[in-house]
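Novice: please work out how this folds:
(2 chains)
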Amino acid sequence: MAATTETDHEEHTGTPGEPPAVPRRRGRGRGLALAVSVFGELLITAGLVLGLFVVYSLWWTNVMADRAADKQGEKVRDNWAQDRVGPGGPGALDTKAGIGFLHVPAMGNGDILVEKGTSMKVLNDGVAGYYTDPVKATLPTSGKAGNFSLAAHRDGHGAKFHNIHKIEKGDPIVFETKDKWFVYKVYGILPETSKYNVDVLGAVPKESGKTKAGHYITLTTCTPVYTSRYRYVVWGELVRTEKVDSERTPPKELR
Amino acid sequence: MYGWIWRHLPGNAWVKALLSLVLVVAVVYVLFQYVFPWAEPLLPFNDVTVDNQ
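Specialist: Below is the predicted model of the structure:
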């Protein structure tokens, strides 16, 4: 406070006075100092905002996504439970909330709700989405041969496929629906491919070495971790299906 | 900039500190609620699908 009044005072006395050199240089110097300090503060602010963005992407989106996924997952389980009570009741299953749960023990993060579509809007809720575009996924529940292709986030927004690199050949992938367990076995891994490589979603994914039609599952996400430069792909093939019993006892792969 | 804000906040140092804290929280809220969700899809960190585009 004292400093500012002092300079104000000096300026007042300086401007009307005859020696113009001293006060003018002083004024310019002050302006420059002010500009530099504002610029510096803006830089600090920018740094803080970027830091906050990292916090947002890697932590806050997970919090929000897990919350959304839990809520929707619960809704799906509720729906299943209600349908079970009345077997002849309205069979209109609300598949909008999700069609089932994906269990991948190798990734070690519990069950992942599966919903329709792979738009950011769907995936940001901390779920895995099955492709409707550019190649339509074949749902295992349809019973038809084809590829059940899925995508989920690697980081942030639930990061459901974060540990996709921990999946090895031979590991089980289990898809749980209302009344069936679909047990897949991983047979192919493509650690890095172009994001334009749509062929990995094909009904018969040739790059995985398969040539005949079958019941396949494909997991896609981005790689390396924290970026989206390439895509990571894991293929599995259906081994068997199991009927869900009244206690929903999981298949032996999950026990 | 921050000095200017500090000087223009009313009250003594404690009140100023409290008001600053409120301002900081408000800014963080706006960033997390509106700015980051808007900015995120524009940045190339979270594209997980394969597609033709």
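Novice: CA atoms for contacts and neighbours, from now on please.
Specialist: Noted.
Novice: kindly report the residues of chain B close to chain A.
Specialist: If contact is defined as C-alpha under 8 Å from any C-alpha of the partner chain, the residues of chain B in contact with chain A are B:1-2, B:32, B:36, B:44-53.
Novice: please redo it, this time with the cut-off set to 7 Å
Specialist: When proximity is defined by C-alpha under 7 Å from any C-alpha of the partner chain, chain B lies next to chain A at B:1, B:32, B:36, B:44, B:45, B:46, B:47, B:48, B:49, B:50, B:51, B:52.
Novice: in helices, which of those residues fall?
Specialist: residue B:36 (DSSP state H).
Novice: got the residues of chain B next to chain A as CSV, with pLDDT and neighbour count columns?
Specialist: Formatted as CSV, the residues of chain B next to chain A follow (pLDDT from 0 to 100; neighbours: other C-alpha atoms under 10 Å in any protein chain shown):
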residue, pLDDT, neighbour count
B:1, 84, 14
B:32, 95, 19
B:36, 94, 18
B:44, 78, 11
B:45, 77, 19
B:46, 74, 26
B:47, 78, 23
B:48, 77, 28
B:49, 80, 29
B:50, 81, 28
B:51, 79, 15
B:52, 64, 10
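Novice: pipe the residues of chain B next to chain A into a markdown table and attach distance to residue B:11 per row.
Specialist: Formatted as a markdown table, the residues of chain B next to chain A follow (distance: C-alpha to C-alpha, whole Å):
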| residue | distance to residue B:11 |
| --- | --- |
| B:1 | 19 |
| B:32 | 29 |
| B:36 | 33 |
| B:44 | 45 |
| B:45 | 44 |
| B:46 | 45 |
| B:47 | 49 |
| B:48 | 51 |
| B:49 | 54 |
| B:50 | 57 |
| B:51 | 58 |
| B:52 | 59 |
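Novice: between the residues of chain B next to chain A, which sits nearest residue A:105?
Specialist: When these are ranked by distance to residue A:105 (C-alpha to C-alpha), residue B:48 comes first, at 21.0 Å.
Novice: and the helices in the stretch 101-250 of chain A, which stretches?
Specialist: Under the criterion DSSP state H, counting those that start in this stretch, helices of the stretch 101-250 of chain A are mapped to A:120-123.
Novice: show me which residues of it sit near chain B.
Specialist: On the criterion C-alpha under 7 Å from any C-alpha, chain B has as its neighbours in the stretch 101-250 of chain A the residues A:134, A:151-153, A:195-198, A:220-222, A:226-228, A:231.
Novice: which non-adjacent residue is nearest residue B:2?
Specialist: Nearest residue to residue B:2 in three dimensions, chain neighbours excluded: residue A:41, at 7.5 Å (C-alpha to C-alpha, 6 or more residues apart in numbering or on different chains).
Novice: any idea of the pLDDT on the one you found?
Specialist: Residue A:41 is assigned 94 on the pLDDT scale.
Novice: buried ones in stretch A:244-254?
Specialist: For stretch A:244-254, a neighbour-count test (16 or more other C-alpha atoms under 10 Å in any protein chain shown) marks A:244, A:251 as buried.
Novice: can you give me the strands for the stretch 1-150 of chain A?
Specialist: Using DSSP state E, counting those that start in this stretch, the strands of the stretch 1-150 of chain A run over A:100-103, A:111-116, A:128-130, A:146-151.
Novice: thinking again about what came up before, next, give me the two most distant ones among the residues of the stretch 101-250 of chain A next to chain B.
Specialist: Top of the distance list for these (C-alpha to C-alpha): A:134 and A:226, 24.2 Å.
Novice: buried only: go through the residues of the stretch 101-250 of chain A next to chain B for me.
Specialist: The buried subset of these (16+ other C-alpha under 10 Å) comprises A:151, A:152, A:153, A:195, A:198, A:220, A:221, A:222, A:226, A:227, A:228, A:231.
Novice: my read is that the fifth one contacts residue B:49, right?
Specialist: By that I understand residue A:198. No - judged on C-alpha atoms under 7 Å, residue A:198 makes no contact with residue B:49 at a distance of 9.2 Å.
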